[in-house]
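[1] give the three-dimensional model of this entry:
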Amino acid sequence: MKPVSASLPLIKRNQTTKPDESPIYGKARVTGNGSSIGAILVDTGRLSAENADRILRLQVEQGKRFGDTAIELGLLTEDDVRFALSRQFNNLYLPAGDNSLSYQLVAAYKPFSPIVEKLRALRSQLMLRWFDTEARLNSLAIMSPGIGEGRSFIAANLAVVFSQLGKRTLLIDANLRAPRQHELFKLGNNAGLSSMLAGRIGIEAIARVPSLLGLSVLPAGAVPPNPQELLGRAGFPELLQSVVRDFDVVIIDTPAAHEYAEAQIIAARASAALIVARKDRTSVAQTIELARSLQQTGTMPVGSVLNEF
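    The predicted model follows:
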């Protein structure tokens, strides 16, 4: 099996996404989820019914597309039209100004940006090489040798793009040393994976993400004094066996593999791992060493991804 390879560019807080050069603005017709662009924008408060009628009248007179007409009139922005088109085809993303999730979830906020296109390409390779194979177990650990190499970022955004594909997706934060996913998805972290493994809570610890259909998150929960022992017990593989029956894709965030031994335990339970390397931080030797150690424990390294920061 050849490794997955993709290079992810630097994320800049002020990065803007240029519109596609190809026409993207559909007519005000029923497609996708059954609602027209105008109806979606009216329902979400981005356009008044009166202005929608005004756009439709001018559209008919000039024979133009609904979105083009609305932008020419100054009643909508390109972002408004992209938002409506994504809603039509159930490719949900969050508009600028919506702070319900962290802006580091670029797949949710900037679905047309180059970095998210690379994430989609990575998703396609993972579907072909792991999730759509006969040997698949639906679960994949996201690993890296050291701290600060972007595991949580890659895991979170991969989970988002899989959910946008219509896959029932679960993101598990198994980094019981320094959990991040509850911060990215703005969830409570009093109860989570650690609580489940300790037998104090059940499957109700899994939280749905209302703004992203099909995506659920199991936060890490309170940081325990014995993460390696908790993850090494029978409860963790039993949990994975349970959730893979209910979800199409299970993405697992892990602690730094060369710092904490439980990362290997998590990967072995998932049966496969994607290795994250950070530009100018992770050496080739470290990446190769991690891949070899995974193979020695019976874990399949499905590939690696370069995270450019």
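
[2] how about the helices in the stretch 101-250 of the chain?
    106-109, 114-126, 151-164, 181-184, 193-197, 227-232, 235-246 (DSSP state H, counting those that start in this stretch).

[3] and of those helices, who's closest to residue 85?
    Residue 85 lies closest to helix 151-164 among the helices of the stretch 101-250 of the chain, at 13.3 Å (Cβ to Cβ). For the C-beta atoms, the positions are set from N, CA and C on the backbone; glycine is no exception.

[4] now the closest one: average pLDDT?
    Across helix 151-164, the average pLDDT comes to 96.

[5] next: stretch 66-77.
    91.

[6] endpoints of that stretch, how far apart?
    In stretch 66-77, first residue to last residue: 12 Å (Cα to Cα, to the nearest Å).

[7] pLDDT at the residue nearest to residue 131 when sequence neighbours are not counted, what is it?
    With sequence-adjacent residues excluded and distances taken as Cβ to Cβ, 6 or more residues apart in numbering, residue 131 is closest to residue 249, at 6.1 Å. pLDDT, residue 249: 96.

[8] so what's residue 249 bridging to?
    Beta-bridge partners recorded for residue 249 (DSSP bridges): residue 169.

[9] quick one: contacts for it?
    For residue 249, the contacting residues are 131, 138, 140, 159, 162, 167, 168, 169, 170, by Cβ atoms under 8 Å, 6 or more residues apart in numbering.

[10] any chance of those in JSON lines with neighbour count as columns?
    Formatted as JSON lines, the contacts of residue 249 follow (neighbours: other Cβ atoms under 10 Å):
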{"residue": "131", "neighbour count": "20"}
{"residue": "138", "neighbour count": "23"}
{"residue": "140", "neighbour count": "25"}
{"residue": "159", "neighbour count": "32"}
{"residue": "162", "neighbour count": "29"}
{"residue": "167", "neighbour count": "19"}
{"residue": "168", "neighbour count": "16"}
{"residue": "169", "neighbour count": "26"}
{"residue": "170", "neighbour count": "26"}
